[in-house]
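Visitor: Predicted model follows, preceded by the sequence.
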Amino acid sequence: MDAPLSIAVIGSGPSGCYVAQSLRRSFPQSEITIYDRLASPFGLVRYGVAPDHQSTKSIQAQFARLFERENVRFAGNIEVGVDVSLDELRSIHHIVVLAAGLAEDRALGVPGEDLPEVYRAGRITRLFNAHPLEPTKVPKFGSSVAIIGGGNVSIDILRLLIKRREDFVNSDIDDAVLDAYAQAPVSRVDLICRSTITNAPSDPVMLAELGRVSGVKLSCADSIEVAEDAPRTAVARAKAIEELLQVGLGTEPRVDVVLHFGWAPVSIIGDGHVQNVELRSVNDDRPNILLNTNSVVTAIGFDFDGGDWHGLGALKANLETGVLDFGLYRTGWIKRGSRGTIAENRSCAKAVAEEIVADAGSLQRQPKTGYASLPEEVRAKAVDYSAWRRVDSAETEAASADRSRRKIPSHEQMVAIAHNRPAVSPAVPLGH
Ligand SMILES: Cc1cc2nc3c(=O)[nH]c(=O)nc-3n(C[C@H](O)[C@H](O)[C@H](O)COP(=O)(O)OP(=O)(O)OC[C@H]3O[C@@H](n4cnc5c(N)ncnc54)[C@H](O)[C@@H]3O)c2cc1C
């Protein structure tokens, strides 16, 4: 009889959790371990999804059932490539599934991108989400910022920058970061999207939400007409924008927001500091324009970290197949590129699980002892699910009445709490 399957999933974000869910159903007797470099599970649900979108983050409760009821092991604080190599994992597990996401913001590729006030979206969303490995220095936005990118992440950043402290009730925003930002908030935001309104990637619901932030005057620099036979989402997007422009203020606006559709950056200009962004019209020959701004945030998607994932060579996005090698698969953003919502990772993970099921007969030949055969010192540093729950409790207990949790913004601190060790610094450092 074949030995029970031992399965490693690298990454505990949505795609890692979804693939573990599918594999548990197909292989009820298997040993499944989800490794993560962080001491907490759930990837971008915890550290990408905006802190004021708690209903989206509530999917964590569904994923938690894997560890609580479905006998899936969480092994946090283990970074593949640092604490254990991919080859080592492949030698002790029959199946290894990469679900490590995409960590690097895509580069804009225009002159001036290296100026100090050009920030990348991942940095901003990690910062407001208290990511434990993100430097906590709050960017110098100045009074005006140009956000480049027309997808939902750029709308998230816009919303975070125009809200006031009282707009974050029940969120788990990093209050130290928010307070530092509130000392010098922006008073103008230009959102630059290369697509037209018809083709823009933003969700109309996300746009409509902007209209509920008080004190904000929204305008659109371009025509918002869409053809009658345009896709339903395009019509809904145009309608959402039309409605945004109608939002009555009654008082002087705190912030002016200008939406630009059909424009792309040519260069970011400044003598040591950002001063202007030059834009070209994508679909016609209108002359280039210069937009005056103090800072830039680029939100144009995420990419492979250097193109070479732990010696696997360039992992180009591939929608066709999850298999990379004998017993080695990938799912989620590391397979498809940085496209799609949390839910889209579910169908991706199901398809990859089906590939694994089809291959399983040929894979489970030799007995493998899985997690237990990791070196003692690696297992000793792991944060298991019950250890993570200690961090989880510490965060929810530390939350003030108007917050859902107070995240611990230090990896060492999280690990110390998880392992019941004395604090290495105050439990939740103030003014970090
Ligand atoms: C800023 C932002 C906001 C978003 N907001 C929404 C939203 O509101 N709604 C929505 O539906 N979707 C949203 N998304 C999209 C959604 O987050 C993604 O679809 C989803 O998280 C991708 O899942 P994943 O598991 O492939 O990657 P991730 O969620 O990135 O998970 C990857 C995991 O792998 C771990 N890892 C990486 N390298 C290693 C390693 N070497 N060793 C061990 N572990 C490793 C990481 O720590 C991480 O936990 C957002 C995305 C971003 C970037």
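Guide: Perfect, I can see it now. Residues are numbered from 1 along each chain as shown.
Visitor: Can you list the strands that the helix or strand bottoming out on mean pLDDT in the chain pairs with?
Guide: Least confident helix or strand of the chain, by mean pLDDT, DSSP states H and E, is strand 302-303 with a mean of 85. Strand 302-303 pairs in its sheet with strand 104-105 (antiparallel), by DSSP bridges.
Visitor: okay, now R69: neighbour count?
Guide: By the criterion of other CB atoms under 10 Å, R69 has 8 neighbours. Every residue, glycine included, has its C-beta placed from N, CA and C.
Visitor: Can you tell me how far it is from the ligand?
Guide: Using CB to the nearest ligand atom, to the nearest Å, we find R69 at a distance of 21 Å from the ligand.
Visitor: Quick check: nearest residue in space to the residue in the stretch 151-300 of the chain that the ligand sits nearest to, chain neighbours excluded?
Guide: In the stretch 151-300 of the chain, the residue that lies nearest the ligand is V153 (4.5 Å; CB to the nearest ligand atom). In this structure, V153 finds its nearest non-sequential neighbour in A299, 4.7 Å apart by CB to CB, 6 or more residues apart in numbering.
Visitor: show me what contacts the one you found?
Guide: Going by CB atoms under 8 Å, 6 or more residues apart in numbering, A299 touches D105, R120, A121, I147, I148, G149, G151, V153, S154, I157.
Visitor: mind listing which of the residues you listed are in strands?
Guide: The strands, defined by DSSP state E, take in D105, R120, I147, I148 from the contacts of A299.
Visitor: Quick check, the third one in contact with L191.
Guide: Yes - applying CB atoms under 8 Å as the test, I147 and L191 come out as touching, 5.0 Å apart.
Visitor: Write out the residues of the stretch 201-350 of the chain neighbouring the ligand.
Guide: Residues of the stretch 201-350 of the chain lying near the ligand by CB under 6 Å from any ligand atom: G332, W333, G340, T341, I342, N345.
Visitor: returning to what we had before: of all pairs in the contacts of A299, which one is the farthest apart?
Guide: Spatial extent of these (CB to CB) is set by the pair R120 and G151 at 13.8 Å.
Visitor: thinking again about what came up before, just the buried residues of the ones in strands among the contacts of A299.
Guide: Buried members of the ones in strands among the contacts of A299, counted by 16 or more other CB atoms under 10 Å: D105, R120, I147, I148.
Visitor: Which one of these is nearest to F326?
Guide: Distances from F326 to those, taken as CB to CB, are shortest for D105 (32.9 Å).
Visitor: Could you pull out the helices in the stretch 201-350 of the chain for me?
Guide: 204-210, 232-246, 333-336, 344-363 (DSSP state H, counting those that start in this stretch).
Visitor: now, of these, which is deepest in the fold?
Guide: Counting by mean count of other CB atoms under 10 Å, helix 333-336 has the highest mean neighbour count of those, with a mean of 24.
Visitor: CA-only coordinates of it in PDB, if you can.
Guide: This file holds the C-alpha atoms of helix 333-336, laid out as PDB (Å, rounded to 0.1, in the frame of the first residue of the first chain):
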ATOM      1  CA  TRP A 333      -0.600  35.000  -7.800                       C
ATOM      2  CA  ILE A 334       2.700  33.200  -8.200                       C
ATOM      3  CA  LYS A 335       1.000  31.200 -11.000                       C
ATOM      4  CA  ARG A 336      -1.300  33.800 -12.700                       C
END
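Visitor: Would you enumerate the residues in contact with the residue most central in space within the chain?
Guide: For the chain, G48 is the residue whose C-alpha lies nearest the centre (CA atoms, centre = their mean; 3.1 Å). When contacts are counted by CB under 8 Å, 6+ apart, G48 is found next to G122, T125, R126, N129.
Visitor: contacting residues around the last one?
Guide: Pointing back at N129 there. R46, Y47, G48, V49, A50, P51, D172, I173, D174, K407.
Visitor: quick one on the thing from earlier: can you lay out the contacts of A299 as JSON lines showing pLDDT?
Guide: Formatted as JSON lines, the contacts of A299 follow (pLDDT from 0 to 100):
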{"residue": "D105", "pLDDT": "91"}
{"residue": "R120", "pLDDT": "96"}
{"residue": "A121", "pLDDT": "97"}
{"residue": "I147", "pLDDT": "98"}
{"residue": "I148", "pLDDT": "98"}
{"residue": "G149", "pLDDT": "97"}
{"residue": "G151", "pLDDT": "94"}
{"residue": "V153", "pLDDT": "97"}
{"residue": "S154", "pLDDT": "97"}
{"residue": "I157", "pLDDT": "98"}
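Visitor: What is the nearest of the residues you listed to D87?
Guide: Distance ranking of the contacts of A299 against D87, using CB to CB, places D105 first at 28.8 Å.
Visitor: my guess is Q54 meets S171, correct?
Guide: Yes - with contact defined as CB under 8 Å, Q54 counts as touching S171 (6.4 Å).
Visitor: what about the spatially closest residue to S195 that is not a sequence neighbour, neighbour count?
Guide: Nearest residue to S195, sequence neighbours excluded (CB to CB, 6+ apart): G150, at 5.6 Å. Per other CB under 10 Å, the neighbour tally for G150 reads 26.
Visitor: G150 contacts F261, doesn't it?
Guide: Yes - with contact defined as CB under 8 Å, G150 reaches F261; the gap is 7.3 Å.
Visitor: Between the two, which contacts overlap?
Guide: Listed as contacting both G150 and F261 by CB under 8 Å, 6+ apart are C193, S195, A200.
Visitor: The first one - how many residues pack around it?
Guide: What it means is C193. Residues near C193, counting by other CB under 10 Å, number 26.
Visitor: so who does the residue in the stretch 301-432 of the chain that the ligand sits nearest to touch?
Guide: Across the stretch 301-432 of the chain, the shortest distance to the ligand (CB to the nearest ligand atom) belongs to G332, at 2.5 Å. The contact partners of G332, by CB under 8 Å, 6+ apart, come to G11, G13, P14, S15, G16, Y18, V19, A99, G101, N345, C348, A349.
Visitor: same thing but at 10 Å, please
Guide: Applying CB atoms under 10 Å, 6 or more residues apart in numbering to G332 gives the contacts 11, 13-19, 43-44, 97-102, 322, 338, 340, 342, 344-346, 348-349, 352.
Visitor: Brilliant, that's me finished.
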